[in-house]
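**Student:** Structure for the following, please:
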Amino acid sequence: MLNKENTGLIIVDVQGKLARLVSNSDAVVSNCAKLIKGAQALRLPIVWLEQNPDKLGQTVEELQTLLNDRNPIAKFTFDACREPNFVEVIKTSGKTSWLICGIEAHICVYQTAIHLKKMGFEVNLVSDCVSSRDQSNKELAIQKLVGSGVDITGLEMCLYELVEDCRAPEFREILNLIK
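**Tutor:** Residues are numbered from 1 along each chain as shown. All right, here's what the predicted structure looks like:
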């Protein structure tokens with residue numbers, strides 16, 4: 001079970017034209033925004049990644065607006081764990097469990113999740129907050145991640161796991177996100 005004391009959120013490359021070309025892009029961007037708002041309500045650390053932003057563009061405005069109090073970590077490798085700044089941020093956070101969302105599921109999200117798992121972190125892929133240009137690639141990524149020990153969750157499932165109790169101060173805000 002997830003708990004807010006040891007969990008953080010990683011947002012992978014929801015940027016540029018590609019963010020609008022992936023399967024179910026509107027729903028994925030909307031769900032990622034809800035996940036970010038939920039993580040903020042729960043005071044989870046958020047790590048924000050951009051793949052080669054000078055070439056691919058910046059994070060979509062809907063998410064960038066929510067993340068305006070921090071800067072993205074630029075990367076050029078598909079696996080974010082090959083970016084020393086990312087690894088340093090993850091390690092110094094003190095968190096042992098990471099939710100991961102973004103695009104593309106079968107490339108950057110997949111490679112980053114696998115590497116985090118190999119580093120000893122608990123990794124939870126938020127399945128309705130990831131996508132690829134082709135739906136079959138998303139399905140393949142999920143299948144391979146499950147086989148590698150990565151847990152699969154959903155937006156609503158993970159937020160309710162993290163809030164734990166309807167008496168929690170964050171419950172109303174989480175409820176309003178899901179409605």
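
**Student:** Make sure Ile142 is actually in contact with Tyr110.
**Tutor:** No: contact criterion Cβ atoms under 8 Å: Ile142 and Tyr110 do not qualify, at 9.0 Å. In short, each C-beta sits where N, CA and C put it, glycine included.

**Student:** For the two, work out which one has more neighbours and name it.
**Tutor:** Between Ile142 and Tyr110, counting by other Cβ atoms under 10 Å, Tyr110 is the more crowded of the two (27 against 19).

**Student:** any idea of the pLDDT on that one?
**Tutor:** Note for Tyr110: predicted pLDDT of 98.

**Student:** What residues of whichever strand or helix holds Leu35 count as buried?
**Tutor:** Using DSSP states H and E, Leu35 sits within helix 25-41. Within helix 25-41, the residues that qualify as buried are 25, 28-29, 31-41, counting by 16 or more other Cβ atoms under 10 Å.

**Student:** can you tell me the average pLDDT over the helix or strand following that helix?
**Tutor:** Per DSSP H and E, the first helix or strand lying C-terminal to helix 25-41 is strand 46-51. Average pLDDT, strand 46-51: 97.

**Student:** For the spatially closest residue to Gln15 that is not a sequence neighbour, list the residues it contacts.
**Tutor:** Closest residue to Gln15 apart from its sequence neighbours, by Cβ to Cβ, 6 or more residues apart in numbering: Thr59 at 4.7 Å. Residues in contact with Thr59, defined by Cβ atoms under 8 Å, 6 or more residues apart in numbering, are 11, 14-15, 19, 48, 50, 67, 72.
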